[in-house]
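Q: The amino acid sequence is not available; the structure is as follows:
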């Protein structure tokens, strides 16, 4: 081999190395864990978030090509201004106007969630997108076909190569990217948070009164600053479970009939309609349900049937105070955070 | 640069000798049958209840294989390489080659399905046959997270014309945060004394007689239970399908040395 040829090879290799280094520079994405929330459930060590992984996850989240009709993206039913739920739809609205049987849940603080969906059927954040993706009344696609579409796109192939160092996009990277985006959707900068963390958040007299009543009457289920204990309960929305058995569909245990996961109340001002079937459009209706509308059944949660009385006792003023308090859980920074927005 | 080539080759040979001298294998060969006949998709069979059956699909997971030596000690196939998906329409998937330390073995056990731990792990630990968008496509419930352990489908002229066929999708790892169906089943097979060495690779023929699926612990009639997925009957089916696996033959083929 001539000296000149060797030199060329050497130079080429060096350039290649430089290019390689430059291409794969992917700074880690710092996840700031709020001090008033417990230790996350999701292992960020299994799927370390990087800037490129996050951006790729976001691109996927807002890509209608993840659905069979090319329109229904994840962001279609999980809209940022509504705290990543679907505004104005009682039950989720999928491809070709097909309707699901449950209200789409808000996506925030998912790394603290042990199980997902109203019935807790999914046990790992990575597998959450699959449920919506393959549901005929939601995105009506198959993961296999989505991977085929992504592998046909040069832009996606480059993005996946840069984020995950793979030549062929497979389920693991696709699901990990979506998890990276969802994991960053942390909402903990509401006025309430800044109040409890002594960061200058002020609550009015009425809001403080609402907080006190809330702690006494609501926090059994809506516990901790996650505002859920993650349990499944029958809150008396219905006593006819023929159409939706809730948690029982997963556990096949009749004692779970009509039970649904206690949702977080963060950003509740913007996540209407409420309840697993989206039956209430205002917070006032929700509180009226708890005082006067609870329907009895075998599995009704005992906290809603104390001393043989159905529901929770609240007077009109207390309800107003609770609503005022609940609105302090709105995290305007989160709802407007440009890093998360579609455009 | 010329002088480097022999060194490279020499190192290469050394590595080869080192790996080959240690490698000893065992092959599990799954033969899907209906009674004494090899299973052929589309062919007509009659089960113990006189029902007519034509199979169109048969897939099952085999995992967590353990070999018990004659001295009672156990060799477990390492976690990262202990998952296999046998698909009847993919003949190569029916032969599982395992790298096993040389020795004498008296029995073998495996899980029909996927253990609960792997059913709850992150996506990066679900590759290869566990890839839900790849090889494991159709072998996973998205709405109720978990692998389908055993999937068998087909047609039956014993069913009314308006009905398409029979579907058995059996899964259930016991539940994540509250207990539910646990259809994980472990099969143990006696091997007498089977010697594994670098010179001889034992090939264990495991016959999978799907006729017994319908008539083992509990009679299963397609005319009564033609579609079993997430429900209590699945447990009876899992109990039945443990019995469809039996060791029918052992022969040896030359090993790597």
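A: Right, received. Where do you want to start? These numbers come from a predicted model, not from an experiment.
Q: Got the domain ranges for chain A?
A: Listed by automatic domain parsing, the domain ranges of chain A are A:24-186, A:191-334.
Q: Now render those as a markdown table, adding mean pLDDT and mean neighbour count.
A: Where C-beta positions appear, they are placed from N, C-alpha and C, glycine not excepted. Formatted as a markdown table, these follow (pLDDT from 0 to 100; neighbours: other CB atoms under 10 Å in any protein chain shown):
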| stretch | mean pLDDT | mean neighbour count |
| --- | --- | --- |
| domain A:24-186 | 94 | 19 |
| domain A:191-334 | 97 | 18 |
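Q: Residue numbers of the stretch 51-200 of chain B in contact with chain A?
A: B:119-127, B:131-134, B:137, B:140, B:142-145, B:175-181 (CB under 8 Å from any CB of the partner chain).
Q: Just the ones in helices from these, please.
A: Among these, no member is found in helices (DSSP state H).
Q: Show the buried residues in those.
A: B:119-124, B:126-127, B:131-134, B:140, B:142-145, B:175-176, B:180-181 (16 or more other CB atoms under 10 Å in any protein chain shown).
Q: Just to be sure, which of the residues of the stretch 51-200 of chain B next to chain A are found in strands?
A: residue B:140 (DSSP state E).
Q: doesn't residue A:135 make contact with residue B:143?
A: Yes: at 7.0 Å, residue B:143 counts as touching residue A:135 under the criterion of CB atoms under 8 Å.
Q: ok, back up a step: wait, which of the domains of chain A is closest to residue B:94?
A: domain A:24-186 (22.5 Å; CB to CB).
Q: what's the spacing between stretch A:124-144 and its chain's center?
A: Relative to its chain's centre, stretch A:124-144 lies at 14 Å (CA atoms, centre = their mean, to the nearest Å).
Q: Then stretch B:154-162?
A: Mean-position distance between stretch B:154-162 and its chain equals 28 Å (CA atoms, centre = their mean).
Q: List the buried residues of that stretch.
A: B:154, B:155, B:156, B:158, B:159.
Q: of those, closest to chain A?
A: Using CB to the nearest CB, residue B:154 comes nearest to chain A of these, at 22.3 Å.
Q: residues in contact with the residue of the stretch 1-150 of chain B at minimum distance from chain A?
A: Of all residues in the stretch 1-150 of chain B, residue B:133 sits closest to chain A, with a separation of 3.3 Å (CB to the nearest CB). The contact partners of residue B:133, by CB atoms under 8 Å, 6 or more residues apart in numbering or on different chains, come to A:142, A:143, A:144, A:146, A:147, A:170, A:171, A:174.
Q: worst-scoring helix or strand of chain B, pLDDT-wise?
A: helix B:4-22 (a mean of 45; mean pLDDT, DSSP states H and E).
Q: what lines up beside the helix or strand following that helix in the sheet?
A: Once the chain leaves helix B:4-22, the next helix or strand it forms, by DSSP states H and E, is strand B:25-34. Counting by DSSP bridges, the strands paired with strand B:25-34 are strand B:37-38 (antiparallel), strand B:95-99 (antiparallel), strand B:200-209 (parallel).
Q: and residue A:240, which of the ones you listed is closest to it?
A: Within those, the stretch nearest residue A:240 is strand B:200-209; the backing value is 44.7 Å (CB to CB).
Q: circling back to that earlier point, pull up the per-residue confidence for the residue of the stretch 1-150 of chain B closest to chain A.
A: With respect to pLDDT, residue B:133 scores 96.
Q: Run through the residues that contact residue B:75.
A: B:66, B:67, B:68, B:69, B:100, B:101, B:103, B:105.
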